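Participant: here is my input, please return the structure:
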Amino acid sequence: MKLGKFYPRARQQRPSIHDPAVRPRRLALLKAATSNLLLLQFLFLRTLLLSLRQTGHIHNINVLFVDYDGGAIGNAVRSAYTQMASTGFPTLVERPALLYPDPTSIRGAVCDIDYWAALYVTSNASNLLSAAVAGGSAAASYNKSGVMTMVWNEARYPTVVDSAVSDNLKALSEAARVAYTQADGKQIIPTLNTSDSAALAAFSNPWVLSSVNLQATTQGSRLIYNTLTIILILIQEFFFLGYVNGLYQQFQLYTSLHPHRIAIVRQMISGTYTFIGSLCTTGAIWAFRHGWNVGGSQFVITWMALWLFAHLNFLVLDVFTIWLSPPYVPMALIFWIVSNVTSILLPFELSPAFYRVGYALPAHSIFNVLVDIWSRGCNPQLYYALPVLFVYEVVGLILSTVGVYRRSHYAMIKQDVDEKAMQARIEALVLEQQPQFHTDEPGQGEELETSESDQEAGGAPRQRRGTTATQPDEELMEIIRREMSRSKAEGVPTSRDSTGPCFNLPFKEKE
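Facilitator: Here you go, the predicted structure:
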């Protein structure tokens, strides 16, 4: 089917692609498309490259190891780690028991994020296992779960620690069990009580790795805490900014109100919107927590933290639209979203070193604040996270307020230019239409009026000029009104006085 049949004007007056006049435009188009292609690929491929480098950096995950036993089981753990150590396995950092005199101090080290996790062997575990293999009451009371324990915090990058920490430590425990059997099996077999089922069970499966999870985070919605939640907040603020700009442009507030009042009301509107939006986001997280051990106080603090994050992002995007030329605003938005998300997609231990620039981004700070809230203080990074967030908030407030004065300044300049241009067009239109509507012929544009005294005197009626509006005058006023409406509709902001992203509102200003 030929589309030209339905759209005949689409192919009219189109030069050939080989036309000399078209060649410069064609080359310019290719150069611009290539430049934007490379920039977009750089922005989006950062996330892919980050995920591809994850496995090779797992050795940067440090795990504390404390051997309270000092016997065969601890030796088995060391032997197993020697075989499993690689760039794709966490680094086991052994420390003497004197530095961590009890398991509570180990939990404190993990809570204070000195280590991603900890593994310890219980005191006297090897002797208890040897006694259990011999049978009797020792075998009956033997506790497999009390031999070896790992301590970790699943709320801290839950999907990462599940695979990089929890699964690897479980594999290390199994490898240590095999190493223990191979190294001490010949010594144990002579003492094995084959008639005691409890002794046989202790020999075949000497221990089961126990887990102390500081904040269990197993709900399905945990996958979006450091990805979709942050992205939705960023996009939400961008579209809200577009509607706020549309509101101010539709009602021409920059040319009718004082800038300081505009700034105050604008911040009140943005604060209210982000207040409600962060409440909805927090409510969605809580609605799908599925038994997650978080309470009402954590709900409120999470809400306040997300409110701060949402509002500072509104201010940052507003600053982009104020101080950047409109063609660069979409690129700035993409860069802002991708940079923030990649700063929290994986922990910095699993990322190349240059990704540590993410310490200066608000998304990395807010995620650490949220982890600290959810795990009840077991992520003490507020000393830098909160200052980063407040710096963005304060600087954003200042630059956004200055931007209101900037927009008002250029809006007034543009209004003066538009008014002068419209006045010139109307004057030209009046001069063009005047010969049509006003002539010197008698009787046109005039009304005959006969007074009572003239009638009594038998005189002729007298002419009265210009006492009522004629039909041509009404048509001229309609043309002028139409011209003013068209001038208002064509008032597109220039690059210097642009209000940024601007979306039409579903309601219109009433005339």
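Participant: can you confirm Val212 is in a strand?
Facilitator: Yes - Val212 sits within a strand when classified using DSSP: H, G, I helix; E, B strand; the rest coil.
Participant: now do the domain split for the protein, please.
Facilitator: Domain assignment for the chain by automatic domain parsing gives 55-214, 224-412.
Participant: and the lengthiest helix in the chain, what does it pack against?
Facilitator: Determined from DSSP state H, the single longest helix within the chain is helix 382-437. Using 3 or more C-beta pairs under 8 Å, 6 or more residues apart in numbering; DSSP states H and E, the elements in contact with helix 382-437 are helix 259-287, helix 296-323, helix 362-374, helix 471-489. Placement of C-beta: from N, CA and C, glycine included.
Participant: the inter-axis angle of that helix versus helix 362-374?
Facilitator: For helix 382-437 against helix 362-374, the angle by axes from the mean of the first three to the mean of the last three C-alpha atoms, to 10 degrees is 130 degrees.
Participant: quick one: the helices in the stretch 151-300 of the chain?
Facilitator: Here the stretch 151-300 of the chain has its helices, by DSSP state H, counting those that start in this stretch, at 158-161, 168-188, 197-204, 228-250, 259-287, 296-323.
Participant: mind putting the ones you listed in a markdown table, mean pLDDT included?
Facilitator: Supplementary listing: those in a markdown table, determined by pLDDT from 0 to 100:
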| stretch | mean pLDDT |
| --- | --- |
| helix 158-161 | 89 |
| helix 168-188 | 89 |
| helix 197-204 | 90 |
| helix 228-250 | 87 |
| helix 259-287 | 93 |
| helix 296-323 | 95 |
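Participant: now these as JSON lines including mean neighbour count and distance to Gln83?
Facilitator: Compiled in JSON lines, the helices of the stretch 151-300 of the chain are given as follows (neighbours: other C-beta atoms under 10 Å; distance: least, C-beta to C-beta, whole Å):
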{"stretch": "helix 158-161", "mean neighbour count": "20", "distance to Gln83": "23"}
{"stretch": "helix 168-188", "mean neighbour count": "17", "distance to Gln83": "7"}
{"stretch": "helix 197-204", "mean neighbour count": "18", "distance to Gln83": "22"}
{"stretch": "helix 228-250", "mean neighbour count": "19", "distance to Gln83": "39"}
{"stretch": "helix 259-287", "mean neighbour count": "16", "distance to Gln83": "42"}
{"stretch": "helix 296-323", "mean neighbour count": "20", "distance to Gln83": "42"}
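Participant: the ones you listed: which one's closest to Val66?
Facilitator: For the helices of the stretch 151-300 of the chain, proximity to Val66 was assessed by C-beta to C-beta; helix 168-188 is nearest, at 13.6 Å.
Participant: who are the packing partners of that closest one?
Facilitator: helix 72-84, strand 117-121, strand 148-152.
Participant: tell me the contacts of Ile113?
Facilitator: Ile113 makes contact with 156, 378-381, according to C-beta atoms under 8 Å, 6 or more residues apart in numbering.
Participant: quick one: low-confidence ranges for the protein?
Facilitator: Applying pLDDT under 70 to the chain flags the ranges 1-5, 11, 43-44, 46-55, 433-511.
Participant: hmm, 50 instead?
Facilitator: Judged by pLDDT under 50, the chain has its weakly predicted residues at 439-451, 453, 456-457, 459-460, 463-469, 491-497, 511.
Participant: hmm, back to that, tell me which of the helices of the stretch 151-300 of the chain sits nearest to His364.
Facilitator: Evaluated with C-beta to C-beta, the helices of the stretch 151-300 of the chain place helix 228-250 nearest to His364, the distance being 9.8 Å.
Participant: now the angle from that closest one to helix 382-437?
Facilitator: Helix 228-250 and helix 382-437 are oriented at 30 degrees to each other (the same axes, to 10 degrees).
Participant: now do helix 228-250 and helix 259-287, the angle between them.
Facilitator: Helix 228-250 runs at 150 degrees relative to helix 259-287, counting by the same axes, to 10 degrees.
Participant: CA atoms only for helix 228-250 - export them in PDB, please.
Facilitator: Provided in PDB are the C-alpha atoms of helix 228-250 (Å, rounded to 0.1, in the frame of the first residue of the first chain):
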ATOM      1  CA  LEU A 228      13.700   0.500  41.500                       C
ATOM      2  CA  THR A 229      12.800   2.500  44.700                       C
ATOM      3  CA  ILE A 230      15.600   5.000  44.000                       C
ATOM      4  CA  ILE A 231      14.800   5.200  40.300                       C
ATOM      5  CA  LEU A 232      11.100   5.800  40.900                       C
ATOM      6  CA  ILE A 233      11.800   8.600  43.300                       C
ATOM      7  CA  LEU A 234      14.200  10.300  40.800                       C
ATOM      8  CA  ILE A 235      11.700  10.000  37.900                       C
ATOM      9  CA  GLN A 236       8.800  11.000  40.100                       C
ATOM     10  CA  GLU A 237      10.600  14.300  41.000                       C
ATOM     11  CA  PHE A 238      11.400  14.900  37.300                       C
ATOM     12  CA  PHE A 239       7.800  14.700  36.200                       C
ATOM     13  CA  PHE A 240       6.600  16.700  39.200                       C
ATOM     14  CA  LEU A 241       9.100  19.400  38.300                       C
ATOM     15  CA  GLY A 242       7.600  19.400  34.700                       C
ATOM     16  CA  TYR A 243       4.100  20.000  36.100                       C
ATOM     17  CA  VAL A 244       5.200  22.700  38.500                       C
ATOM     18  CA  ASN A 245       7.000  24.500  35.600                       C
ATOM     19  CA  GLY A 246       3.800  24.100  33.500                       C
ATOM     20  CA  LEU A 247       1.800  25.600  36.300                       C
ATOM     21  CA  TYR A 248       4.000  28.600  36.600                       C
ATOM     22  CA  GLN A 249       4.100  29.100  32.900                       C
ATOM     23  CA  GLN A 250       0.400  28.600  32.300                       C
END
